[in-house]
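In: Structure for the following, please:
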Amino acid sequence: MSQVVTVRRVEESDFPSLAEIYAHEAVIANTAQVPHRSDAFWRDFYKTRDPDGLELVGVVDGRPVGHLGLLTNRAPRRKHVASFGIAVHPDFQGRGVGKALMTEMLHQADNWLNLVRIELSVAADNTGAIALYEKFGFVLEGQSRFDIFTAGRYGHSNRMARMRPGFAG
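Out: Residues are numbered from 1 along each chain as shown. So this is what the prediction gives:
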């Protein structure tokens, strides 16, 4: 089934949809968030986010079904580095939403935000996400052992990064 995914910046009207996305156990298990956050939490969360960063939603049929947040670095010697997190509603995983969000984020990072390096942390057992990141040029740089607590157990996280294509250092 083909679907059109539109990517745009987060708007205040998206907060209930974001709360719904992050309420799913399958989503929350792969983030640093805890379950059952309210719409008000998400509203406050986005109001205090990085003003130079990027907050995107992936929209299908008028409904936000994915979110990507890119956080820039304020430290003077690390302004060329950013990190991000991404979440897609379970009903829309594997249907191009993550790909669309990643494509737009990397376009912004490479062409408008002057970012050289983008970093991420991903659960070591989240093979679907790791495969997506690798398709976009992210490479494994290391693993942090027992650094995330999810559903009553400690797990490992992979550290991955992507350098802007053509960057020679």
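In: any idea which element residue 40 lies in?
Out: helix 39-47 (DSSP states H and E).
In: what packs against that helix?
Out: Packing partners of helix 39-47 (3 or more CB pairs under 8 Å, 6 or more residues apart in numbering; DSSP states H and E): helix 15-23. (C-beta placed from N, C-alpha, C; glycine too.)
In: List the buried residues of the helix or strand that the helix it packs on is followed by.
Out: Using DSSP H and E, the helix or strand that follows helix 15-23 in sequence is helix 25-28. Residues 27, 28 are the ones in helix 25-28 that count as buried (16 or more other CB atoms under 10 Å).
In: Now do the helix holding residue 40 against helix 15-23, angle only.
Out: Using axes from the mean of the first three to the mean of the last three CA atoms, to 10 degrees, the direction of helix 39-47 lies 100 degrees away from that of helix 15-23.
In: what comes up buried for the next helix or strand after helix 39-47?
Out: Using DSSP H and E, the helix or strand that follows helix 39-47 in sequence is strand 54-60. Across strand 54-60, burial judged by 16+ other CB under 10 Å covers 54, 55, 56, 57, 58, 59, 60.
In: Contacts for the helix or strand of the chain with the lowest mean pLDDT next, please.
Out: Every helix and strand in the chain was compared by mean pLDDT, DSSP states H and E; the lowest is helix 39-47, with a mean of 75. Here helix 39-47 makes contact (CB atoms under 8 Å, 6 or more residues apart in numbering) with 10, 12, 15, 16, 18, 19, 22, 37, 55.
In: and those, which are buried?
Out: Counted by 16+ other CB under 10 Å, these give 10, 15, 18, 19, 22, 37, 55 as buried.
In: By pLDDT, give me the weakest of the residues you listed.
Out: On pLDDT alone, residue 37 ranks lowest of those, at 73.
In: Is it correct that that residue is in contact with residue 21?
Out: No: in this structure, residue 37 is not within contact of residue 21 by CB atoms under 8 Å, at 10.5 Å.
In: thinking again about what came up before, and of the buried residues of strand 54-60, the nearest to residue 30?
Out: Set against residue 30, the nearest of the buried residues of strand 54-60 by CB to CB is residue 58 (16.2 Å).
In: and the gap between the nearest residue to the closest one once chain neighbours are set aside and residue 17?
Out: Of all residues not flanking residue 58 in the chain, residue 66 sits nearest, at 3.3 Å (CB to CB, 6 or more residues apart in numbering). Note on residue 66: its distance to residue 17, by CB to CB, to the nearest Å, is 10 Å.
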